[in-house]
Every structure is written in C-alpha cells, then in structure tokens.
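> give the three-dimensional model of this entry:
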Amino acid sequence: MTALILARAQFAFVVSFHFLFPAFSIGLASFLAVLEAQWLRTGSGVYANLYRYWLKIFAVVFAMGVVSGIVMSYQFGTNWSVFSDKAGPIIGPLMAYEVLTAFFLEAGFLGVMLFGINKVGKRLHFVATLAVAIGTFISAFWILAVNSWMQTPAGYEIGANGQFLPGPSWWAIVFTPSFPYRLLHTVLAAYLTTAFAVGAVGAFHLLKDRANPGARKMFSMAMWMAAIVAPIQIFAGDMHGLNTLEHQPAKVMAMEGHYQSHPDGAPLILFGLPNSAEKRVDYAVEIPKASSLILKHDLNAPLAGLDTIAEQNQPPVGIVFWAFRIMVGLGTAMAALGIVSLVARLRGKLYDCPWLHRAALVMGPSGFIAVLAGWVVTEVGRQPFTVYGLLRTEHSVAPLDAPAVATSLAAFALTYFVVFGMGILYLLKLMHKPPQAHEAALDGSPIRSAGVTPAPAVLEGGAA
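As a prediction, this is how the structure comes out:
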C-alpha cells in the first residue's frame with residue numbers, strides 16, 4: 001500500500017461520507033421552502049407540522065455536512081499539496097466564491113430559520129428559509145464548477161513553473177463544457193435522494209397509521225417528485241453521457257465495458273465480469289448494437305474501445321463498470337416506483353396500498369446509494385488524472401510516507417464511524433417518531449389563530 005493509494009483511499013472515504021449530507025440537505029432545504037410556502041398560501045397546519053418535523057432533521061444533516069466537509073479542505077494541503085500548488089490559482093478562487101456567497105448566505109439565515117419564527121414574523125421567516133435553500137444550490141454550483149474544471153479543463157494558461165493560471169476569461173473556467181450537464185444531473189439527484197428519503201418516512205408511518213395526515217401529505221409530495229423528476233433525470237443523464245463521450249471517451253468506454261472497438265455497431269452489455277487482464281467482459285449479457293443506438297443514435301455507428309487508449313491512460317474498468325450499473329439500475333427503479341405511485345394515485349389507492357408503501361420504504365436509501373455510485377463513476381472514471389489529460393494523480397500527491405497516511409486514514413475511519421454513526425442513528429430516531437396528527441401554526445399556536453378552522457376529520461386524525 002503506497003502513499004498514493006492510501007491518500008486516494010483516505011480522500012475517497014472522507015468525501016463519500018460528506019457527499020451523503022449535501023445530497024440530502026440540498027433537496028431538504030427546497031422541500032422545507034415548499035412546505036412553508038404552502039402553509040402561507042393555504043393556512044393548513046399540516047404543512048406547518050411537517051415543516052417543524054423536517055426542520056430538526058435538516059439541522060442535524062446540515063451540521064454533519066459542514067463538519068465532514070471541512071476535513072477535505074485540509075487534505076488538499078496535506079495529502080495533495082502538489083495538486084494544490086499547481087491548480088490553486090484556478091481552484092482556490094472558485095472555492096472562495098463558494099464560501100463568500102453560498103456559505104455566508106446559509107450561515108446568515110440558518111439561525112433565523114431555526115429559531116426566528118416567533119421573532120421575525122412568518123413572511124420574513126419564509127425569506128430566511130428560501131435564502132438557505134438558494135444558498136445550498138449556490139454551494140452546489142461552485143463545487144461542481146471546481147469538479148467540472150478538473151474533468152474538462154478550459155480557460156487556463158500554463159505558467160512558467162507548471163501552474164495552471166486563469167486565462168483572460170473566468171467565464172470559460174466556470175462554464176466548462178461538462179458543467180451544465182453535471183450541475184443539472186447532480187441537483188436532480190439531490191432532489192430525488194430527498195424525495196425517496198421523505199417518501200420512505202411517510203410510507204413507514206402510513207404502514208402504522210394510514211389516517212395520519214402528515215404521513216399522507218409527505219408521502220404524496222414525495223411520490224409526485226418521484227413521478228416527475230425521475231424520468232427527467234434519466235433524460236438528463238443521457239445528455240450527460242453524450243457530453244462525457246465527447247470530452248472523456250475513456251470514461252464511457254469503461255462504463256460500457258468496451259475493451260475493443262466496434263466498427264459496425266457496439267453492443268450494450270447489461271451484465272458481466274470485466275476481465276482487464278484478457279481485455280474482455282466474461283459472461284456478458286448484451287443487446288447487439290444497442291450501445292451505438294444510445295450513444296450515437298445509430299445502430300451501425302462505430303464506437304471506439306479502450307484498445308485506442310494507451311494502457312497507462314486507461315481508468316479502472318471493473319469499479320466504473322459496476323458503479324455505473326448500480327446508478328442506472330436504481331434510477332430505473334426510482335422511475336418505475338414513481339410511475340406505479342402515479343397509477344395508484346389516479347385509482348385513488350395511494351394511501352391504501354401496503355405493498356406500495358413497503359416498496360417505498362425499501363427504496364428509501366436508494367438515492368444515497370445512487371449518488372455515491374455516480375460519484376465513483378465520475379471520479380474513478382477520470383483516473384489516472386486529477387486534471388483530466390493534464391495532471392496525473394501520481395504527480396499530484398504530497399511527498400508523504402505511507403505509514404503517516406495510513407495512521408491518519410485509520411484515525412478518520414474510527415472517528416467518522418463513531419461520530420457520524422451516532423448522528424445517523426439520531427436521524428433515524430427522529431424519523432421514527434410520527435408527525436403530529438393535529439394541526440398547529442408554524443409558531444406552535446392553534447391553527448385557528450391563523451384564521452383557518454380545520455375540518456373535524458383532521459382534528460381527529462382522520463383523512464387529510
């Protein structure tokens with residue numbers, strides 16, 4: 001185990017933990033904004049109850065995301081100091097913009113959002129919630145701008161000492177060829193992650209009490225998101241894949257398992273065991289020429305394989321191949337569940353299908369698994385480069401000894417599993433508690449103070 005392998009493992013471990021929390025908080029912040037907007041529009045205390053319910057969860061998720069993200073910044077200066085030196089003139093300002101815009105916006109309004117409902121009034125409180133939701137999106141914007149520049153570098157100049165320096169236009173650096181597709185795909189993934197987590201919680205409580213109005217409302221809203229956004233995500237993923245084929249063809253070759261070129265149409269390999277030693281996929285289950293149809297929209301279009309890429313520039317095929325199939329498989333399952341829920345809704349059976357609720361409960365973690373699989377495809381598929389085609393990973397690592405990196409990796413693993421394990425258990429405890437069945441305003445006062453008299457069925461915990 002060399003220092004390079006250990007440094008890569010350490011960063012992968014830390015960022016995998018971290019990625020789970022922003023993927024949840026981005027969607028959850030927007031969900032809270034929708035809940036509060038609906039409460040202001042309708043006066044229904046169901047939305048107020050759900051806002052309070054998910055606000056506690058959001059606070060914990062946001063805190064764990066901040067803490068886990070700080071560690072990565074230090075690793076740039078320790079394990080990856082050479083990369084920081086060479087790419088710092090590009091990466092540094094983009095990261096600073098994220099702090100100066102998104103983080104300050106989130107931090108400035110988060111306190112008002114958490115504690116200010118009885119102090120600033122409901123409309124100003126909604127502005128605070130909206131500001132936090134916008135802040136999470138801006139944060140994703142800048143972080144993905146950084147990552148997209150590393151994937152498809154543009155707008156740079158090479159200095160005398162080998163540093164990447166900004167060119168005449170920062171717009172070219174921010175809006176690289178892959179950035180719009182990567183931003184859309186990632187943000188939609190965050191919304192789906194939140195939708196299926198919320199849907200699983202709603203399904204869990206519906207299985208125990210179908211009449212709980214809060215459980216019904218959150219499940220309904222989550223299934224609307226699944227039915228609408230999951231098909232859009234499939235389309236966005238297809239566009240992203242075509243963009244990747246244009247700018248990072250080796251990554252797509254690894255995703256598809258195409259060791260060899262196919263001059264007369266490439267098959268779509270559904271499953272198999274990549275064999276990099278023999279340059280083939282063993283026990284392949286494939287659809288003839290379907291890969292050419294998807295990637296080139298032509299059954300007979302030729303597709304190049306990894307045999308056209310120098311051996312030292314090829315990404316690891318096995319992990320990229322399987323991570324891609326996990327991501328696509330879960331995305332397909334999400335879309336299928338969304339469509340099934342839509343059929344159940346149209347038949348008036350959305351709240352009366354225990355098998356649908358159990359399926360939604362099983363799919364609760366699917367968004368988290370899918371975003372991790374997508375991250376593996378993106379980052380491992382970029383190897384052996386940190387800046388694609390320009391700076392190799394082996395030339396980016398700091399001159400550290402392997403035992404030093406191994407010690408810090410072990411410390412991180414122990415700390416993360418203890419601290420974040422306890423945090424996740426606390427989140428599950430919060431989710432295990434059912435939402436309130438009675439209606440109350442967002443500030444905790446009876447709903448009648450908001451000028452709305454609830455129906456008796458709702459007061460009694462009946463159907464909403």
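
> test my guess that Gly69 contacts His18.
Yes: at 5.2 Å, Gly69 counts as touching His18 under the criterion of C-beta atoms under 8 Å. C-betas here are computed from N, CA, C, even on glycine.

> would you state the helices of the stretch 201-350 of the chain in chain order?
For the stretch 201-350 of the chain, the helices defined by DSSP state H, counting those that start in this stretch occupy 213-247, 249-256, 290-296, 317-346.

> buried sites along the longest helix along the chain?
Among the segments of the chain that qualify as a helix by DSSP state H, the longest is helix 3-42. Across helix 3-42, burial judged by 16 or more other C-beta atoms under 10 Å covers 3-4, 6-8, 10-11, 14-15, 17-36, 38-40.

> check the helices of the stretch 201-350 of the chain for me and report the most buried one.
Among these, ranked by average contacts under mean count of other C-beta atoms under 10 Å, first place goes to helix 249-256 (a mean of 25).

> what's the angle between that helix and helix 213-247?
Going by axes from the mean of the first three to the mean of the last three C-alpha atoms, to 10 degrees, helix 249-256 is angled at 130 degrees with respect to helix 213-247.

> so what's the residue count around the closest residue to Ser16 other than its chain neighbours?
Spatial nearest neighbour of Ser16, excluding adjacent residues (C-beta to C-beta, 6 or more residues apart in numbering): Leu372 at 6.0 Å. A total of 19 residues lie near Leu372 under the criterion other C-beta atoms under 10 Å.

> ok, Leu372 to Phe175 distance?
27 Å (C-beta to C-beta, to the nearest Å).

> before we move on, what about Gly69?
With distances taken as C-beta to C-beta, Gly69 is found 24 Å from Phe175.

> for Trp142, same thing?
From Trp142 to Phe175 the distance is 12 Å (C-beta to C-beta).

> Ala107 too?
27 Å.

> these two: which is more packed in?
Set side by side, Ala107 and Phe175 show more neighbours around Phe175, with 17 against 14, by other C-beta under 10 Å.

> can you pull the contacts of the nearest residue to the more buried one once chain neighbours are set aside?
Closest residue in space to Phe175, ignoring its immediate chain neighbours: Ala145 at 7.9 Å, by C-beta to C-beta, 6+ apart. For Ala145, the residues meeting the contact criterion (C-beta atoms under 8 Å, 6 or more residues apart in numbering) are 94, 173-176, 179.

> pipe these into CSV and attach distance to Tyr53 per row.
Below are the contacts of Ala145 laid out as CSV (distance: C-beta to C-beta, whole Å):
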residue, distance to Tyr53
Leu94, 36
Ile173, 42
Val174, 37
Phe175, 39
Thr176, 40
Phe179, 35
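
> so which of those is the closest to Arg382?
Set against Arg382, the nearest of the contacts of Ala145 by C-beta to C-beta is Thr176 (13.3 Å).

> which SS state does that closest one fall under?
coil (DSSP: H, G, I helix; E, B strand; the rest coil).

> what's the burial count for it?
The burial count assigned to Thr176 is 20, neighbours taken as other C-beta under 10 Å.

> repeat that for Glu311.
7.

> what separates it from Leu130, distance-wise?
Distance of Glu311 to Leu130, given as C-beta to C-beta: 52 Å.

> I'd like the distance between Phe58 and Ala410.
Following C-beta to C-beta, the distance that separates Phe58 from Ala410 is 32 Å.

> what's the first helix or strand after the longest helix of the chain?
Proceeding N to C from helix 3-42, the next assigned helix or strand is helix 45-77, under DSSP states H and E.

> helices or strands up against that next one?
Using 3 or more C-beta pairs under 8 Å, 6 or more residues apart in numbering; DSSP states H and E as the contact criterion, the neighbours of helix 45-77 among helices and strands are helix 3-42, helix 81-98, helix 104-115, helix 213-247, helix 402-432.

> for Gln75, find the nearest of those helices.
Among the helices and strands packed on helix 45-77, if distance is taken as C-beta to C-beta, the winner is helix 3-42, at 5.7 Å.

> how far off centre is that closest one?
Taking the mean C-alpha point of helix 3-42 and that of its whole chain, the gap between them comes to 7 Å (C-alpha atoms, centre = their mean, to the nearest Å).

> quick one: that helix to helix 104-115, angle?
Using the same axes, to 10 degrees, one finds that helix 3-42 and helix 104-115 are set 50 degrees apart in direction.

> and the angle for helix 3-42 with helix 402-432?
Going by the same axes, to 10 degrees, helix 3-42 makes 20 degrees with helix 402-432.

> remind me what helix 3-42 packs against, helices and strands.
Contact here means 3+ C-beta pairs under 8 Å, 6+ apart; on that basis helix 3-42 packs against helix 45-77, helix 122-151, helix 179-208, helix 366-380, helix 402-432.

> so how far is His185 from the residue nearest to Thr186 when sequence neighbours are not counted?
For Thr186, ignoring the flanking residues on the chain, the nearest one in space by C-beta to C-beta, 6+ apart is Leu144 at 5.9 Å. With distances defined as C-beta to C-beta, the gap from Leu144 to His185 amounts to 9 Å.
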